[in-house]
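Chemist: Here is my input; please provide its structure:
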Amino acid sequence: MRESLPKISPLVRIPGSVTTRSLALHFEQSNREQRYFEQCRSIQTVCSKSDLLLDSESYADHGIDQAYVERLTMKTRHSSRESRFGHRPGLQHQSLMGAVLALGLAACSADERTPNASPSALSPAPDPNEPNAPNDPADTSGAGGEGASTTEGTPSDSEGPQVTDLGPPEAEPGTGGASPTMPATDDEIVGNGAVPSAGCGKPRTLQDGNQTIASGGMNRTYLLETPDAYDNTYPHRVVFMFHWNYGSINAIVNPPDADQNTERPFYGMGDLTDGKTMFVVPQGLVGASGGAGWENPNGRDVSFTDDMLAAISDDLCIDTSRVFTTGFSYGAGMSVALACVRPDKFRAAVVYAAAFISGVTGAECTTPVAFFESHGVDDPIINYQTGLNVLNTFTGLNGCTAMTPPVPAAAGHTCTSYEGCSVPTRFCAFGAGQGNPFNVNLRGHYPTSKDPGQSTSWVPAEAWSFITQF
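Modeler: Next up, the predicted model:
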């Protein structure tokens, strides 16, 4: 066993497939967005009874460049799941209907009134003076307490349900599916809620593969993986992936490693990616344990992450509002550290077997951040209670209703979405029968557990669903 760690302490029909984002860009170009939306609200009843067709003549009559819209449509890709302020039920249909309805208003009414105030798309942030709900210490022996919006489990004697629908569940009031509290700045926010980086529109110089960057007076290495059909006008999601102790870039990109911690590339997310996501895999430095990891002395590895993100943002087109961090074991510790000290840079942390072991303590976590964790109940390296302590830090930080997550059956797993949170918070636990089958000494210290009869792990789909809700 090489894994050892430091001691824990249909309204309008428009030619082509006009996306919400391209319409939003068009509104900006025509400078009529506010007036359209105000008119929409005032005459919605009239327009809802019409089935209008905007043909070339109609576009011309209302000063709309049809070719411009169609060019944008050809160049633009839109994911209805992605929104700066989180997933909202029906957002896809509502936003598209609202956009095309606004575009057709000139055919519905000659009303040219100018609104007094523009509607805001921003969700109000929670009252900062509202106290967080207390979090009781987790009881690892009891059954689940109250307060979870959803708890799914698997029986010990049959195959449990696999996560096959990667779309996020509809958020309900107080289910932990609330919108993140960080508002966008006045930066260029495009129609799908993306905040484009400085690299958008530029020819790229960073290519896929290993990169070397100067950081903290030394050369550091990371791997970059971009979609095959990279588009320098589309702001991409970015996921940083930190390896475990004695791990490496290659162990994540070309698994399995010696302990077979992972079976599929990029923690299994490589099989699920939608062609809109970049992966960044940093290489850790050898530390006191003798393995490469993330000790982060004096914030060294946080600074390394800052440098990588700055280089990627300047050269490539990314969505700076959708940057995520993930990792297992030591990599989970590094992701927890980033969630605590860089909540303005990372939208969420997705961790497997987490602990405060990368130079950051729970006291340094002061800003809510979306959080997903999975942990084995019989983990001998980072014990289950330690993982629950990390979870409690974030459920308290995120204002979640206090509860004890249910303990899974020996060969099953349970996943719980917390209630009352200001940002999504979810925890999955798996039983002793789902430990590492290749290294029995590691038992529940394992990021890719499986339910009985499964050939692939349920964990990547859970993690990917959590990430893509934003």
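
Chemist: Going by C-alpha atoms from here, please, whenever you check contacts or count neighbours.
Modeler: Will do.

Chemist: mind listing the strands for this protein?
Modeler: Taking DSSP state E as the criterion, the chain contains strands spanning 12-13, 52-53, 148-153, 209-215, 218-225, 236-242, 277-282, 285-286, 292-293, 318-328, 348-352, 370-376, 413-418, 425-430.

Chemist: most packed of those?
Modeler: Among the strands of the chain, strand 348-352 has the highest mean neighbour count (mean count of other CA atoms under 10 Å), at a mean of 29.

Chemist: Run through who's touching that strand.
Modeler: Strand 348-352 is contacted by residues 323-329, 331-332, 335-336, 339, 369-375, 446-447, 463, 467 when judged by CA atoms under 8 Å, 6 or more residues apart in numbering.

Chemist: Tell me who's in contact with Glu295.
Modeler: For Glu295, the contact set (CA under 8 Å, 6+ apart) comprises 287, 301, 357-359.

Chemist: For Thr404, state which of those residues is nearest.
Modeler: Ile357 (23.5 Å; CA to CA).

Chemist: Ignoring the adjacent residues along the chain, who's closest to that closest one?
Modeler: Leaving aside its sequence neighbours, Ile357 sits nearest to Gly333 (CA to CA, 6 or more residues apart in numbering; 5.4 Å).

Chemist: Next up, the contacts around the one you found.
Modeler: Contacts of Gly333 were listed using CA under 8 Å, 6+ apart, and they are 294, 327, 354-358.

Chemist: now that we have those, which one has the most neighbours?
Modeler: Of all the contacts of Gly333, the highest neighbour tally under other CA atoms under 10 Å goes to Ala355, namely 31 neighbours.

Chemist: re the thing from before, present the strands of the chain as a markdown table; the columns should include mean pLDDT and distance to Asp259.
Modeler: Below are the strands of the chain laid out as a markdown table (pLDDT from 0 to 100; distance: least, CA to CA, whole Å):
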| stretch | mean pLDDT | distance to Asp259 |
| --- | --- | --- |
| strand 12-13 | 34 | 56 |
| strand 52-53 | 32 | 61 |
| strand 148-153 | 57 | 27 |
| strand 209-215 | 98 | 23 |
| strand 218-225 | 98 | 22 |
| strand 236-242 | 98 | 16 |
| strand 277-282 | 98 | 19 |
| strand 285-286 | 97 | 18 |
| strand 292-293 | 97 | 15 |
| strand 318-328 | 98 | 13 |
| strand 348-352 | 98 | 16 |
| strand 370-376 | 98 | 16 |
| strand 413-418 | 98 | 22 |
| strand 425-430 | 98 | 19 |
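
Chemist: Redo those as TSV? Include distance to Trp458.
Modeler: Below are the strands of the chain laid out as TSV (distance: least, CA to CA, whole Å):
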stretch	distance to Trp458
strand 12-13	41
strand 52-53	46
strand 148-153	12
strand 209-215	28
strand 218-225	23
strand 236-242	18
strand 277-282	20
strand 285-286	30
strand 292-293	26
strand 318-328	15
strand 348-352	13
strand 370-376	11
strand 413-418	9
strand 425-430	10
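
Chemist: Which one of those strands lies nearest to Pro452?
Modeler: Of these, the one closest to Pro452 (CA to CA) turns out to be strand 413-418, at 10.3 Å.

Chemist: List the neighbouring strands of that closest one plus their orientation.
Modeler: Sheet pairing of strand 413-418 (DSSP bridges) gives strand 148-153 (antiparallel), strand 425-430 (antiparallel).

Chemist: all helices of this structure, in order?
Modeler: Using DSSP state H, the helices of the chain run over residues 20-30, 33-42, 44-47, 56-61, 66-75, 91-103, 105-108, 249-253, 300-315, 330-341, 384-397, 459-467.

Chemist: which stretch in these is the model least sure about?
Modeler: Here those differ in mean pLDDT, and the lowest is helix 44-47 at a mean of 34.

Chemist: ok, and the closest non-adjacent residue to Lys202?
Modeler: Nearest non-adjacent residue to Lys202 (CA to CA, 6+ apart): Asn232, at 6.5 Å.

Chemist: How about the contacts made by Thr277?
Modeler: Contacts for Thr277 (CA under 8 Å, 6+ apart) come out as 226-227, 236-239.

Chemist: quick one: which of the residues you listed is nearest to Gly399?
Modeler: Nearest to Gly399, judged by CA to CA, of the contacts of Thr277 is Val239 at 25.2 Å.

Chemist: For the closest one, give the beta-bridge partners.
Modeler: In this entry, Val239 is beta-bridged to Phe279, Phe324, by DSSP bridges.
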